[in-house]
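# The following block contains a protein sequence and its predicted model.
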There are 2 protein chains.
Amino acid sequence: MAKTLVFGHKNPDTDTIASAIATSHLLRHLYNWDTEAVALGTPNEETKFALSYFKLEAPRVITIADTDDVVLVDHNEAAQSIDNLADVTVAAIYDHHKFNFSNSTPLYIVAKPWGSVATILYFEFKNNDVTIPANIAGLMASAVISDTLLLKSPTTTEADKVALSALSEIAGLEDYEKYGLDLLKAGTDLSSRTDKE
Amino acid sequence: MAKTLVFGHKNPDTDTIASAIATSHLLRHLYNWDTEAVALGTPNEETKFALSYFKLEAPRVITIADTDDVVLVDHNEAAQSIDNLADVTVAAIYDHHKFNFSNSTPLYIVAKPWGSVATILYFEFKNNDVTIPANIAGLMASAVISDTLLLKSPTTTEADKVALSALSEIAGLEDYEKYGLDLLKAGTDLSSRTDKE
Ligand SMILES: [Mn+2]
Ligand SMILES: [Mn+2]
Ligand SMILES: [Mn+2]
Ligand SMILES: [Mn+2]
């Protein structure tokens, strides 16, 4: 398969960035696809905190795809995607939102009504026996924490609890509650926000 | 979860009937859903041959759903579905076609660009450690054979080959090539067709 860009929605949050990076890794190992995780914007303060903590680079920012094939994560609706979505082939979707998607070729879709895409991806790695690198597991744990507000949001499922616990262990995160509060605090830090707003 | 109907497309083929029966079984064991496999029409001659061979009943025929929740297999487009699709909640989709689907709530979707939905379901059973009963495995093998024309159609993938071999073994089908020719012949049998046409 030719070069394939993997990205989440506009105004990226931690789940969108983490899921792009994790899905890119998964598809390279599962189907041998030549993937690159990119993003439709720069990371927010919360995501920057997680990337820095786990020593990962922010993905390259794009607005249109310059490849024929793309993979959508954490979204499926055209309004939230690249500007030239109608001109490219969607090869796969990993999402946890309502659907509003139409295309012209069969594709891979994994969707579940769970708290985060990172949770869905944890089980895809596990069921397909693909090892999750420790730093990517840490970013995925951050995504679960972010989307479920540390397992407190009403969208939280049993699967999210299992995934957060397992991802924290892989990441070597001894106290995910403490880390999670620091992460969520970084996202709501007024001092850093005031600079821009 | 309240009673949930599981069905494939109008003018059902062997993959649609087999996938409804297999998905109903999978969801009962995986998520404890109260499912019933139904169909949007009576089985064709090929499907009747497979049902009879593996001693399974044809699913009840419906045109509208009388439950709030439904699961779509082997299709996702409203035109191929029940007449009141807009009035019910789609809880899950298992499909291998292009997509044209829109709804208002997060849901389960497993889609892959493979030769049959039965192939996708074989891997769902396997990855989730749910045992496939021998007769359902036989019907699923029949669906792979039907949709891929005994692994000869251009839509055939490596996954279909693996699934057909494994399903045949579970079903106790010693020679799936011989069975497959009989199955495909039943579907094109002019003598039975002439009676009706
Ligand atoms: Mn998001
Ligand atoms: Mn999300
Ligand atoms: Mn079909
Ligand atoms: Mn089919």
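Received the coordinates, thanks. Numbering: from 1, shown residues only, chains lettered A, B, ... in the order given. Ligands and ions are numbered 1, 2, ... in the order given.
# Please count neighbours and contacts with C-alpha atoms only from this point.
Will do.
# Could you measure from A:S146 over to ligand 4?
As judged by CA to the ion, to the nearest Å, A:S146 and ligand 4 stand 38 Å apart.
# helix/strand/coil for that residue?
Classification of A:S146 using DSSP: H, G, I helix; E, B strand; the rest coil returns helix.
# and what of A:T156?
coil.
# same thing with the one 3 residues further on?
The assignment at A:A159 comes out as helix when based on three-state DSSP.
# pull the longest strand from chain A.
strand A:89-95 (DSSP state E).
# residue in chain A nearest to ligand 4?
A:P106 (11.4 Å; CA to the ion).
# Can I get the longest strand of chain A in CSV, CA atoms only?
Once non-C-alpha atoms are left out, strand A:89-95 reads as follows in CSV (Å, rounded to 0.1, in the frame of the first residue of the first chain):
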residue,chain,number,x,y,z
THR,A,89,-9.6,7.1,-0.5
VAL,A,90,-10.4,6.4,3.2
ALA,A,91,-8.7,3.1,3.8
ALA,A,92,-9.7,2.8,7.5
ILE,A,93,-11.6,4.5,10.3
TYR,A,94,-11.1,4.0,14.1
ASP,A,95,-13.8,6.0,16.0
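# What pairs with it, parallel or antiparallel?
strand A:69-73 (parallel), strand A:108-111 (parallel) (DSSP bridges).
# Show me the beta-bridge partners of A:F101.
Those that pair with A:F101 in a beta bridge, by DSSP bridges, are B:F101.
# Give me the neighbour count for it.
14 (other CA atoms under 10 Å in any protein chain shown).
# Just confirm it contacts A:Q80, I think it does.
No: counting by CA atoms under 8 Å, A:F101 does not reach A:Q80; the two are 11.5 Å apart.
# Contacts only, for A:V130.
A:L26, A:H29, A:L30 (CA atoms under 8 Å, 6 or more residues apart in numbering or on different chains).
# Report the separation between the last one and ligand 2.
Computed with CA to the ion, the distance linking A:L30 and ligand 2 is 22 Å.
# Next: the first one.
Look at A:L26 and ligand 2: by CA to the ion, they are 17 Å apart.
# Tell me the secondary structure at that residue.
helix.
# hang on, it packs against A:N127?
No: look at A:L26 against A:N127 with CA under 8 Å: they stay out of range, at 11.5 Å.
# ok, the two, which is more surrounded?
A:L26 (22 against 15).
# what sits against the more buried one?
Here A:L26 is in contact with A:F125, A:V130 (criterion: CA under 8 Å, 6+ apart).
# for stretch A:76-85, what is the average pLDDT?
For stretch A:76-85, the mean pLDDT works out to 97.
# which bits of chain A sit near ligand 2?
Taking CA under 5 Å from the ion as the contact definition, chain A meets ligand 2 at A:D15, A:S116.
# residues from chain A in reach of chain B?
Applying CA under 8 Å from any CA of the partner chain, we find that chain A lies next to chain B at A:96-113, A:127-128.
# Return the set of buried residues in stretch A:5-24.
A:5-10, A:12-24 (16 or more other CA atoms under 10 Å in any protein chain shown).
# What about ligand 4: which of those touch it?
Counting by CA under 5 Å from the ion, no member of the buried residues of stretch A:5-24 is near ligand 4.
# Sort out for me which of the residues you listed are in helices.
A:T14, A:D15, A:T16, A:I17, A:A18, A:S19, A:A20, A:I21, A:A22, A:T23, A:S24 (DSSP state H).
# so can I have JSON lines of the residues you listed showing distance to B:T188 and pLDDT?
JSON lines is the format used below for these (distance: CA to CA, whole Å; pLDDT from 0 to 100):
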{"residue": "A:T14", "distance to B:T188": "54", "pLDDT": "98"}
{"residue": "A:D15", "distance to B:T188": "51", "pLDDT": "98"}
{"residue": "A:T16", "distance to B:T188": "49", "pLDDT": "98"}
{"residue": "A:I17", "distance to B:T188": "52", "pLDDT": "98"}
{"residue": "A:A18", "distance to B:T188": "51", "pLDDT": "98"}
{"residue": "A:S19", "distance to B:T188": "47", "pLDDT": "98"}
{"residue": "A:A20", "distance to B:T188": "47", "pLDDT": "98"}
{"residue": "A:I21", "distance to B:T188": "49", "pLDDT": "98"}
{"residue": "A:A22", "distance to B:T188": "47", "pLDDT": "98"}
{"residue": "A:T23", "distance to B:T188": "44", "pLDDT": "98"}
{"residue": "A:S24", "distance to B:T188": "45", "pLDDT": "98"}
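# Closest to B:E169 out of those residues?
Each of these was scored against B:E169 by CA to CA, and A:T23 proved nearest at 33.3 Å.
# show me the residues around that closest one that make contact.
A:V6, A:A37, A:V73, A:L121.
# what's the most distant pair in the residues you listed?
Maximum distance among the contacts of A:T23 (CA to CA): 14.6 Å, for A:A37 and A:L121.
# For the residue of chain A closest to ligand 4, give me its contacts.
Per CA under 8 Å, 6+ apart, neighbours of A:P106: B:H96, B:H97, B:K98, B:F99, B:K112, B:P113.
# Over to the spatially closest residue to it that is not a sequence neighbour: give its phi and psi.
Distances taken as CA to CA, 6 or more residues apart in numbering or on different chains place B:K98 nearest to A:P106, at 4.2 Å, with adjacent residues excluded. With angles defined as degrees, to the nearest 10, B:K98 sits at phi -60, psi 160.
# As a markdown table, the ones in helices among the buried residues of stretch A:5-24 with distance to A:D189 would be great.
Converted to a markdown table, these look like this (distance: CA to CA, whole Å):
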| residue | distance to A:D189 |
| --- | --- |
| A:T14 | 15 |
| A:D15 | 19 |
| A:T16 | 20 |
| A:I17 | 20 |
| A:A18 | 21 |
| A:S19 | 24 |
| A:A20 | 25 |
| A:I21 | 25 |
| A:A22 | 26 |
| A:T23 | 29 |
| A:S24 | 30 |
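# just curious, which of these is nearest to A:F49?
Using CA to CA, those come closest to A:F49 at A:T14, 9.8 Å.
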